[in-house]
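Undergrad: quick one: sequence and predicted model below, then my questions.
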Amino acid sequence: MKPAPLLSVSGLRKAFRGTRVLDDIYLDVAKGEVVALLGPSGCGKSTLLRCLTWLEPPDDGLIRIDGRPFGREQVGATIRRQSGRAIDAMRPRIGMVFQQFNLWPHLSVLENVVRAQVVVLRRSREAATARARTLLADLGLGALVDRFPYALSGGQKQRAAIARALAMDPALMLFDEPTSALDPERVGEVLALLRDLAATGMTMIVVTHEIGFAAHVADRVAFMDGGRILEDGPAKTVLSTPADPRLAAFLDLVR
Ligand code: ADP
Ligand code: MG
């Protein structure tokens, strides 16, 4: 029997003031799988990631993480929304990394990585600090733990943001255009980190326009347009022989 997917999304929909932004999204991600999510600007990629974490409540649809319902659950014939407390309890299972890093500017790098472990996971400060120091050292920031975000390069900020997300021991990591705000010479260091993270077996969805990264690191490519996933398959197949003309046109633009 095939194991249950780590992430399972069915019938996800979202509209903003009557405008449909996500239209019946189905997506399964297996444990250890890396999915590159491609699509033109405005097609709904960020909204999809935000809905997966319930930062944005989806209007409809079911999300399961590790087989457990997240946000909404089916009870008999009815679907009901979970309590805020239940949603908050599941949310740390998903780590999210943003284009603009979203580090807390008033906290040191170390404290950026420690804080949520203590507040959300109720880890002791000692345990949280030890975990943060190990992760920051692994990510090449061991000498910078006392700096504040303003004193870091873009690539260093993004690595600190990744450390902060990993410190929560998520089952799934979501990356929303993690290299788009970086200077070109810093893009490589963050892509290398994502590649290393993938090699550890981390399950990841990466929104990116880096087709080389998608081709070499992702197991699967999903292409969105107009709030729908139009194509989803093995990375090499989807990128070399796109079936949908909209994907072919998109690849011509970004390659
Ligand atoms: P992408 O990340 O693919 O560029 P987004 O998910 O950011 O696309 O946006 C998809 C569409 O939803 C866009 O038309 C955007 O303007 C709209 N949108 C996103 N967030 C909101 C919001 N909070 N309120 C209203 N419209 C939104
Ligand atoms: Mg976006």
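TA: Here it is on my side, so go on. This is a predicted model, so every value here is computed, not measured. Ligands and ions are numbered 1, 2, ... in the order given.
Undergrad: please verify my assumption that E56 contacts G44.
TA: No - applying C-beta atoms under 8 Å as the test, E56 and G44 come out as separate, 10.9 Å apart. Every residue, glycine included, has its C-beta placed from N, CA and C.
Undergrad: check contacts around the nearest residue to V29 once chain neighbours are set aside.
TA: Using C-beta to C-beta, 6 or more residues apart in numbering and skipping the chain neighbours, the partner closest in space to V29 is L7 (4.2 Å). Shown in contact with L7 (C-beta atoms under 8 Å, 6 or more residues apart in numbering): L27, D28, V29, L52, I63, R64, I65, L172, T203, I205.
Undergrad: repeat that for 7 Å
TA: L7 makes contacts with D28, V29, I65, L172, as judged by C-beta atoms under 7 Å, 6 or more residues apart in numbering.
Undergrad: quick one on the thing from earlier: neighbour count: E56 and G44, which is higher?
TA: Under the criterion of other C-beta atoms under 10 Å, the comparison of E56 against G44 puts G44 first, with 24 against 17.
Undergrad: measure that one to P178 for me?
TA: Between G44 and P178 the computed distance is 18 Å (C-beta to C-beta, to the nearest Å).
Undergrad: next: E33.
TA: Counting by C-beta to C-beta - E33 and P178 are separated by 18 Å.
Undergrad: go on, P40?
TA: Applying C-beta to C-beta, the value for P40 to P178 is 18 Å.
Undergrad: neighbour count: these two, which is higher?
TA: Taking neighbours as other C-beta under 10 Å, P40 and P178 compare with P178 leading, 27 against 17.
Undergrad: could you check which helix or strand contains the more buried one?
TA: Using DSSP states H and E, P178 maps to neither a helix nor a strand.
Undergrad: can you pull the contacts of it?
TA: When contacts are counted by C-beta under 7 Å, 6+ apart, P178 touches V97, Q99, Q158, V190.
Undergrad: now these in TSV, with pLDDT, distance to ligand 1 and neighbour count?
TA: Putting the contacts of P178 into TSV (pLDDT from 0 to 100; distance: C-beta to the nearest ligand atom, whole Å; neighbours: other C-beta atoms under 10 Å) gives the following:
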residue	pLDDT	distance to ligand 1	neighbour count
V97	97	14	24
Q99	94	9	16
Q158	95	17	29
V190	94	18	24
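Undergrad: so of those, which ones are in helices?
TA: Using DSSP state H, the subset of the contacts of P178 located in helices is Q158, V190.
Undergrad: spatially, which two of the contacts of P178 are the most separated?
TA: Farthest apart among the contacts of P178 by C-beta to C-beta are Q99 and V190. That separation is 11.2 Å.
Undergrad: do you know the pLDDT at A4?
TA: Predicted confidence (pLDDT) for A4: 79.
Undergrad: can you give me the distance of it to R64?
TA: A4 is 8 Å from R64, where distance means C-beta to C-beta.
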